[in-house]
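>>> Turn this into a model:
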Amino acid sequence: MLNELAVVDQVASTLATYAVEAEGAYTSATARARRSDTAIFADFCSGRGEASIPAAPSTVAEFVRYAAQDRAPATVARYLSSIAHHHRAAGVADPTKAETVRLAMRAVRRQNTTRQKQAAPLNAPVLDRLAVALKDSVTELRDLALLRVARDALLRRSELVALDVDDVEPASDGSGTVTIRRSKTDQEGVGAVLYLAPATLEAVERYRAAANIEAGPLWRRIRKGGDVTEERLAAGSVRTIFKKLADKAGLETDGISGHSARVGMAQDLTAAGADLPALMVAGRWKSPAMPARYAERQAARRGAVARFYELAP
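Next comes the predicted model:
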């Protein structure tokens, strides 16, 4: 019993030290997701009377099977990643590397062959309809500019709402650039400079003029009645805005998410002839898996079989 208490005390001490050292090393969204995931695992272990850290591989394997009952394999895999990180931070052995856990996860993936749902795209035809449908209220000007910037730069919602006025730079030809200071795949904050089309820059300027925004956060919360606040738009509001825009464009809104602009532009670029490496650069993807998934239907229409039938007499 004394040994168990000593281990618990040591783990708690190590985690406390790690929390101080890791301050600012990860995005708030990443830290929040890890806390949520490990809390879910801790609740599972508590209900079984077992330790969540250090956890036994058999406990983690059982958790995998339990979580897979109503969660997608990708979500379960994320839980494992958070559990592994928590154990490494505590300086104890990572139970997710055990063969029993690996086999449990492999079984989950084999049993669940349902394709992961993809966010519905907000593509060029949708943008064209919105440009006609939206009026000149400050809220609609903001929403249209928000969508255009999100599409041109293939931004994640956290990157989008983090933009300040100074991050947008006009060019002499009417186009512009936007600087992303930090992103999910750029934890060191190297940054990226991305292109904005003339129509996008014009939309941003119209919104800023209507909202009287000179500096600070680019995207602001707007109260009913058009009162523009000083508050930065919350990341969670992006999905709500995209759903509203989709509805106004006559789309089904169930599949719309904060990634819909990113998906839509990836599909538009592929349809226009962009290959996978170019798509990865445009969206700053480190792996080809996600952009390939986003654009698979457009790629199929440009594939060898499609070209064969186009050339057939």
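
>>> How about the backbone phi and psi for residue 178?
phi -130, psi 140 (degrees, to the nearest 10).

>>> how near is it to residue 151?
Residue 178 sits at a distance of 12 Å from residue 151 (criterion: Cβ to Cβ, to the nearest Å). Yep, even glycine has a C-beta here, placed from its N, CA and C like the rest.

>>> swap in residue 233?
17 Å.

>>> Comparing residue 178 and residue 151, which residue is more hemmed in?
Comparing residue 178 with residue 151 by neighbour count (other Cβ atoms under 10 Å), the higher total belongs to residue 151, at 26 against 23.

>>> helices and strands around the helix or strand hosting the more buried one, which ones?
For residue 151, the host element (DSSP states H and E) is helix 138-152. In terms of contacts (3 or more Cβ pairs under 8 Å, 6 or more residues apart in numbering; DSSP states H and E), helix 138-152 is packed against helix 124-133, helix 157-161, strand 192-196, helix 198-211, strand 220-222, helix 236-248, helix 260-271.

>>> Return the most buried member of these.
Per residue and on average, the most neighbours among the helices and strands packed on helix 138-152 fall to helix 260-271, with a mean of 25 (mean count of other Cβ atoms under 10 Å).

>>> Off-centre distance for whichever helix or strand comes after it?
Sequence-wise, the next helix or strand beyond helix 260-271 is helix 276-283, with elements assigned using DSSP H and E. Centroid separation for helix 276-283 versus its chain: 16 Å, with Cα atoms, centre = their mean, to the nearest Å.

>>> now the angle from helix 276-283 to helix 138-152?
Angle between the axes of helix 276-283 and helix 138-152 is 140 degrees (criterion: axes from the mean of the first three to the mean of the last three Cα atoms, to 10 degrees).

>>> which residues are in contact with helix 276-283?
Identification of contacts with helix 276-283 by Cβ atoms under 8 Å, 6 or more residues apart in numbering yields 154, 262, 265-266, 269-270, 274, 285-286, 288, 291-292, 295, 299.

>>> run the last query once more with 7 Å
Outside helix 276-283, the residues that touch it by Cβ atoms under 7 Å, 6 or more residues apart in numbering are 154, 262, 266, 269-270, 288, 291-292, 295.

>>> can you redo those residues as JSON lines with pLDDT and distance to residue 125?
Output for these, formatted as JSON lines (pLDDT from 0 to 100; distance: Cβ to Cβ, whole Å):
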{"residue": "154", "pLDDT": "93", "distance to residue 125": "18"}
{"residue": "262", "pLDDT": "89", "distance to residue 125": "17"}
{"residue": "266", "pLDDT": "90", "distance to residue 125": "15"}
{"residue": "269", "pLDDT": "90", "distance to residue 125": "15"}
{"residue": "270", "pLDDT": "87", "distance to residue 125": "15"}
{"residue": "288", "pLDDT": "82", "distance to residue 125": "26"}
{"residue": "291", "pLDDT": "77", "distance to residue 125": "20"}
{"residue": "292", "pLDDT": "80", "distance to residue 125": "22"}
{"residue": "295", "pLDDT": "79", "distance to residue 125": "16"}
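
>>> burial count for residue 150?
The burial count for residue 150: 26, using other Cβ under 10 Å.

>>> Same question for residue 31.
The number of residues near residue 31, taken as other Cβ under 10 Å, comes to 15.

>>> Would you enumerate the residues in contact with it?
Counting by Cβ under 7 Å, 6+ apart, residue 31 touches no other residue.

>>> Where does the prediction get shaky in the stretch 1-150 of the chain?
1-9, 18, 20-22, 24-25, 113-118 (pLDDT under 70).

>>> quick one, phi psi at the closest residue to residue 179 other than its chain neighbours?
Among residues not flanking residue 179 along the chain, residue 167 sits closest, at 4.7 Å (Cβ to Cβ, 6 or more residues apart in numbering). Note on residue 167: its backbone torsions stand at phi -80, psi -10 [degrees, to the nearest 10].
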